[in-house]
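Trainee: curious how this folds, go ahead:
(chains A and B)
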2 protein chains.
Amino acid sequence: MGQGVHVQELPGMGKRYDIELGRSDQRISVVVRSGGVRDLYVFDDRSSEPAAVIELSDEEARKVGAVLSSTYFEG
Amino acid sequence: MGQGVHVQELPGMGKRYDIELGRSDQRISVVVRSGGVRDLYVFDDRSSEPAAVIELSDEEARKVGAVLSSTYFEG
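Mentor: Numbering: from 1, shown residues only, chains lettered A, B, ... in the order given. So this is what the prediction gives:
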C-alpha cells in the first residue's frame, strides 16, 4: 500500500504523509504530530494553499479514518 | 466509537457519515457510495458550503484512512 504515499520525517514534530490522488490537482496531506494530533490538509486545485485545514485529535482522526477505510461500525 | 458520528442511509446511493469535531465550526462528512467511491466533504466554518470536496476511489480512501488511523505502514 506504499504506492502513492510520500512520507517525510519532521524532526521534533512528527511525520508528514502526502497522499497522491487520481486527479493531479487534488492532494491530501496529513501531519501526524508526536503527541497524536493530526493536521489534515486538503488541496483541491493547483494552488499551494490548502482549501481546508482541520486539526483532529487522536480520537477524531481514528473516527474519520475508520469511516474512510469502511471499518466503522455504529457503536 | 459511535459517539460523534451520525449515519444516514441514502437510499439507492449509499451512506452518509457526519463526523462531529471538537470545534463546532468544523465538520467532516463522508458519503460512501454503493460502488465504493467516497466523497469527502470538509467544512471549516459555519457556512453550509464545504471548504473542500474530494472524490476518493476505494483504494485512495483506504490510504487516507490508514494514515489517519495510524495503521499505515510503508510498503
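Trainee: run through chain A and note the low-pLDDT ranges.
Mentor: Within chain A, the segments meeting pLDDT under 70 span A:1-3, A:75.
Trainee: so which residues of it form helices?
Mentor: Using DSSP state H, the helices found in chain A span residues A:58-69.
Trainee: specify the beta-bridge partners of the nearest residue to residue A:56 once chain neighbours are set aside.
Mentor: Residue nearest to residue A:56 in three dimensions, not counting chain neighbours: residue A:38, with 4.6 Å by CB to CB, 6 or more residues apart in numbering or on different chains. No exception for glycine: its C-beta is placed from N, CA and C like everyone else's. Note on residue A:38: beta-bridge partners by DSSP bridges are residue A:32, residue A:56.
Trainee: same question for residue A:14.
Mentor: Here residue A:14, judged by DSSP bridges, has bridge partners residue A:10, residue A:33.
Trainee: may I see the buried residues of stretch A:63-75?
Mentor: A:63, A:64, A:65, A:66, A:67, A:68, A:69, A:70, A:72 (16 or more other CB atoms under 10 Å in any protein chain shown).
Trainee: likewise stretch A:44-57?
Mentor: In stretch A:44-57, counting by 16+ other CB under 10 Å, buried: A:44, A:50, A:51, A:52, A:53, A:54, A:55, A:56.
Trainee: list the contacts for the spatially closest residue to the third one that is not a sequence neighbour?
Mentor: Beyond its immediate neighbours in the sequence, the residue positioned closest to residue A:51 (CB to CB, 6+ apart) is residue B:52, lying 3.8 Å away. When the contact criterion is CB atoms under 8 Å, 6 or more residues apart in numbering or on different chains, the partners of residue B:52 are A:42, A:44, A:50, A:51, A:52, B:40, B:41, B:42.
Trainee: about what we covered before: just give the number of residues close to the residue nearest to residue A:56.
Mentor: For residue A:38, the neighbour count with other CB atoms under 10 Å in any protein chain shown is 24.
Trainee: you'd agree it is up against residue A:28?
Mentor: No: at 11.3 Å, residue A:38 does not count as touching residue A:28 under the criterion of CB atoms under 8 Å.
Trainee: other residues contacting stretch A:23-41?
Mentor: Under CB under 8 Å, 6+ apart, the answer for stretch A:23-41 is A:10, A:12-21, A:42-46, A:50, A:52-58, A:61, A:64, B:42, B:54-55, B:64, B:67-68, B:70.
Trainee: great, nothing more from me.
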